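let's see this in three dimensions:
(chains A and B)
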Amino acid sequence: MTRKYAFFPGCVLNAAAREAREATEAVAAHIGLELVEIPGWSCCGASQIQDIEHDTALAANARNLALAEKMGLDVLTACSTCALMLRTARQELAAGRKDEVNKALATADLEYKGTADVTHILWLLADTVAQWGPLVKKPLKDVKVASFHGCHTVRPPTVMTHESHLNPQSMETIITACGATPVHIPERLKCCGFHAVFPAEQTALRLTANAADDAKKGGADCLLTPCPLCQMQLDMYQPDAQAAVGKGGDTPVLHLTQLVGLALGIGREKLGLTRHIISPESLLAKC
Amino acid sequence: MRTITFDIDRFDGTRSWTQSYSFEYDPALTVLASLILLKEKQDPTLNFTASCRSAICGSCAVRVNGNAVLACDTRLDTVLTQWQSDTLRISPIGNFHVLSDLVVDWSEKVERLRTAKPGLKAKAEFNAETGCRQSPAEFALIQKQWDCILCGSCASECNKLTDNDRDFLEPFVFTHANRYAQDSRSADGLLHVKEMVKQGLWKCLHCMECVTKCPKQIAPAADIAAMRAMAFAAGNTEGKGPRHAEAFRTDLENSGRLNEVRLVPRTEGLVDAATGRMGFTLRMLKHGKLSTREAVELFVTDNKPIEGIEGLRKIIRYRRDAK
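Numbering: from 1, shown residues only, chains lettered A, B, ... in the order given. Below you'll find the model as predicted:
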């Protein structure tokens, strides 16, 4: 399987969730995916800029997409919010905003044509299990995994069209391909609270505690998420959530590609597994 | 014979239970027609509300397997396929007080709707002779919001509302506020926005459940965003929500990317961040999320500007000037 994508890492994969980038790149290289970082990509707006200057975010994402088009490649991202922002911009441009936004892009000698699709590493891995599944060297047969999809991975379904938003199975498909056992938890399609962790902090902490506690009660060894923002919220804020709510506090939270990397037999040092707030050691002992 | 089972959550005012009903599959049925069939043929005590059967009155919203749908506008086949099961759980919509079985109480919601100050206060230049005219383009800005039928589906799975409804409102309230705020005929659109700021406008989680569940394809989350933009443009930039969004916006223009180290102090203020987030910061450094050197460098000197930053700035300025 050799496919080439214009890689849009997004801001957090360059900073606090750097381990997600390391794991994504390690897995991609292992299964024959070529990721070429888009030169000069900018922040997608993270649903924040969209709320105060919608057209600034639209133009920035049109620029991101135009840069990918120059590479002649489809875009791949490992962040659900980035995927949603880029795909939303693409829909809006196709629905009549292209010409006016292109006038702005022309000031930087760019043009948006609409030729590059935007996909998520989750969708790509789920769709190509038949190709990379045989490369699994260390089936995680003793590991129970609770999937936490993340809002922007599946909603709104008019933009995130890959699978059912009510009953998505991509995570479970990948967990099973890794030899692990999926654990279905009621919180799997709920919000982690990340995007309102400051203005609605208590709500965000309760949502975080609920997910961590839910996974533990379900007998899972970890939560697994395809969105680095969910991972950051559920991992980095879990001690605060435990302190505020009195539950959770010791549930490891893995990035999707970290789990796949473990199953593929990629060295743990290449998967950034030491950069977690909640230690994944209890999980790693079963791998 | 293919048999369909509805496990219906029931409530008689004091007692709650789940009751199973089975009936013969019929591809012509909707969820509402199925409920009517059960009431007429099996159990006249089963309570639910419905009227128009044409997706206009908004009275028949229920939950199927935990997700709100407008019962009259949802084919049975659709939900059977979605859930890959011939057994479905039918419940009253969420985030409402239940009166009986699938019947919910709207009285409190109507009072909360009043906080949006619904109703058009027209500009002074309009009068009885000339009316309140607006262009098709101006009407297009609010046309979708007027499709709201107050079915409550958008509120049912709203993650913020489920956690705490004391500091936030039902998404349809924000939609109603925005349709007056954006109306070109309004004398003071900000009147509605200011009320919504008081009622938790910046506390939306962006969970997108409201957008997903609206049977009329309205996007309450977009209405929330539009009112945030309106408030921000009018100078209401104080508070963690606006400051957080502003930090992202200025980072985009300054370097092209988010500066995570500056984000917290810019959102909460330097003093609050230094005192309230000390434990968090130490935790981040201890576990190698960032090195101390990186953190200091980012705080003092910012991210290195992206390749093509001047082009990005030109694009942003062009868009802003065009507005």
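
past the helix or strand bottoming out on mean pLDDT in chain B, which element shows up next along the chain?
Ranking every helix and strand in chain B by mean pLDDT, DSSP states H and E puts helix B:270-276 at the bottom, with a mean of 87. Moving toward the C-terminus from helix B:270-276, the first helix or strand encountered (DSSP states H and E) is helix B:278-286.

which other helices and strands contact that next one?
The helices and strands touching helix B:278-286, judged by 3 or more Cβ pairs under 8 Å, 6 or more residues apart in numbering or on different chains; DSSP states H and E, are helix A:228-236, helix A:238-245, helix B:292-301. Quick note: C-beta positions are derived from backbone N, CA and C, even for glycine.

how far off centre is the least confident helix or strand of chain B?
Centre-to-centre, helix B:270-276 and its host chain are 31 Å apart (Cα atoms, centre = their mean, to the nearest Å).

buried set for that helix?
B:Ala273 (16 or more other Cβ atoms under 10 Å in any protein chain shown).

secondary structure element holding the closest residue to B:Ala71 other than its chain neighbours?
Distances taken as Cβ to Cβ, 6 or more residues apart in numbering or on different chains place B:Leu32 nearest to B:Ala71, at 3.7 Å, with adjacent residues excluded. Using DSSP H and E, B:Leu32 sits in helix B:31-41.

rewinding a little: any idea which of the helices and strands packed on helix B:278-286 gets closest to B:Phe23?
For the helices and strands packed on helix B:278-286, proximity to B:Phe23 was assessed by Cβ to Cβ; helix A:228-236 is nearest, at 40.2 Å.

that closest one versus helix A:238-245: what angle between them?
In terms of direction (axes from the mean of the first three to the mean of the last three Cα atoms, to 10 degrees), helix A:228-236 departs from helix A:238-245 by 60 degrees.

list of residues touching helix A:228-236?
Judged by Cβ atoms under 8 Å, 6 or more residues apart in numbering or on different chains, the contacts made with helix A:228-236 from elsewhere in the structure are A:10, A:12-13, A:16-17, A:20, A:78-81, A:148, A:150, A:192-195, A:197, A:204, A:208, A:211-212, A:223, A:225, A:251-255, A:276-278, B:280, B:283-284, B:289.

ok, now stretch B:40-60?
Everything outside stretch B:40-60 that qualifies as a contact, by Cβ under 8 Å, 6+ apart, is B:8, B:10, B:19, B:21, B:23, B:32, B:35-36, B:38-39, B:62, B:70-73, B:100-103, B:149-152, B:215-216.

mind listing what's buried in it?
B:46-50, B:53, B:55, B:57-60.

whatever residue of chain B ends up closest to chain A and A:Gly10: what is the separation?
Closest approach between chain B and chain A, counting by Cβ to the nearest Cβ: B:Gly311, at 3.0 Å. In this structure, B:Gly311 and A:Gly10 are separated by 20 Å, where distance is defined by Cβ to Cβ, to the nearest Å.

likewise for B:Pro220?
Note on B:Pro220: its distance to A:Gly10, by Cβ to Cβ, is 26 Å.

what about the strands in the stretch 151-287 of chain A?
When secondary structure is read from DSSP state E, counting those that start in this stretch, the stretch 151-287 of chain A shows strands at A:181-183, A:222-225, A:253-255.

my error: substitute the stretch 101-250 of chain B in the last question.
Counting by DSSP E, counting those that start in this stretch, the strands of the stretch 101-250 of chain B are B:103-104.

list, one by one, the residues from it near chain A.
If contacts are counted using Cβ under 8 Å from any Cβ of the partner chain, the residues of the stretch 101-250 of chain B sitting beside chain A are B:159-160, B:163-164, B:167-168, B:200, B:202-209, B:211-212, B:217, B:219, B:224-226, B:228-229, B:232-233, B:239-242, B:244-246, B:248-249.

show me which of these are buried.
Buried residues within those, defined by neighbour count using 16+ other Cβ under 10 Å: B:159-160, B:163, B:168, B:200, B:202-209, B:211-212, B:219, B:224-226, B:228-229, B:232, B:240-242, B:244-246, B:248-249.

now, which of these lie within helices?
Cross-referencing these with the helices (criterion: DSSP state H) gives B:159-160, B:163, B:209, B:211-212, B:224-226, B:228-229, B:232, B:240-242, B:244-246, B:248-249 as the overlap.

contacting residues around residue 116?
All of this is about chain A. Contacts here follow Cβ under 8 Å, 6+ apart; on that basis A:Ala116 touches A:6, A:65, A:68-69, A:73-75.

correction: the question concerned chain B.
Shown here is B:Ala116, whose contacts under the criterion Cβ under 8 Å, 6+ apart are B:173-174, B:176-177, B:180, B:192, B:195-196.

does B:Ser184 touch B:Glu138 like I think?
Yes - the pair B:Ser184 / B:Glu138 is scored as a contact, 3.8 Å apart, by Cβ atoms under 8 Å.

now stretch B:303-313: buried residues?
By neighbour count with 16+ other Cβ under 10 Å, stretch B:303-313 contains the buried residues B:303, B:306, B:308-309, B:311-313.

got the contact list for it?
Stretch B:303-313 has contacts (Cβ under 8 Å, 6+ apart) with A:39-42, A:60, A:63, A:67, A:107-110, B:251-259.

so how far is A:Asp250 from A:Ala211?
In this structure, A:Ala211 lies at 13 Å from A:Asp250, with Cβ to Cβ as the measure.

again with B:Gly94
Going from B:Gly94 to A:Asp250 by Cβ to Cβ gives 30 Å.

settle it for me: which of the two has more neighbours?
The residue with more neighbours, out of B:Gly94 and A:Asp250, is B:Gly94; 20 against 12, by other Cβ atoms under 10 Å in any protein chain shown.

give me the nearest residue to the more buried one, chain neighbours excluded.
If the residues on either side of it in the chain are set aside, B:Gly94 comes closest to B:Ser156, at 4.2 Å by Cβ to Cβ, 6+ apart.

mind listing what the one you found touches?
Residues near B:Ser156 by Cβ under 8 Å, 6+ apart: B:61, B:63, B:67-68, B:93-96, B:209, B:213.

next: B:Leu298.
Here B:Leu298 is in contact with B:259-262, B:290 (criterion: Cβ under 8 Å, 6+ apart).

now do the contacts for residue 248.
Went with chain A since none was named. A:208-213, A:216, A:238, A:241-242.

if you could check chain B rather than the one you did, that'd help
A:43, A:45-46, A:48-49, B:258, B:263.

excluding chain neighbours, what is closest to it?
Beyond its immediate neighbours in the sequence, the residue positioned closest to B:Phe248 (Cβ to Cβ, 6+ apart) is A:Gln48, lying 4.1 Å away.

neighbours of that neighbour, just the number please.
Other residues near A:Gln48 come to 28 when the count uses other Cβ under 10 Å.

is it true that it touches B:Arg243?
No - contact status for A:Gln48 versus B:Arg243: not in contact, 10.6 Å apart, counting by Cβ under 8 Å.

off-centre distance for stretch B:65-79?
Here stretch B:65-79 shows a centroid-to-chain-centroid distance of 19 Å under the convention Cα atoms, centre = their mean.

any chance you could list what contacts it?
A:166, B:4, B:25-27, B:29-35, B:48, B:50, B:52-55, B:58, B:60-64, B:83, B:88-89, B:91, B:93-94, B:151-154, B:156-157, B:213, B:215.

just the CA atoms of the helix or strand harbouring A:Lys98, as PDB, please.
Using DSSP H and E, A:Lys98 maps to helix A:98-106. In PDB, the C-alpha atoms belonging to helix A:98-106 read as follows (Å, rounded to 0.1, in the frame of the first residue of the first chain):
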ATOM      1  CA  LYS A  98     -15.000  30.400  -4.000                       C
ATOM      2  CA  ASP A  99     -14.800  33.400  -6.300                       C
ATOM      3  CA  GLU A 100     -14.700  36.100  -3.600                       C
ATOM      4  CA  VAL A 101     -12.200  34.100  -1.400                       C
ATOM      5  CA  ASN A 102     -10.000  33.600  -4.400                       C
ATOM      6  CA  LYS A 103      -9.700  37.400  -4.800                       C
ATOM      7  CA  ALA A 104      -8.100  37.400  -1.400                       C
ATOM      8  CA  LEU A 105      -5.900  34.400  -2.200                       C
ATOM      9  CA  ALA A 106      -4.700  36.100  -5.300                       C
END
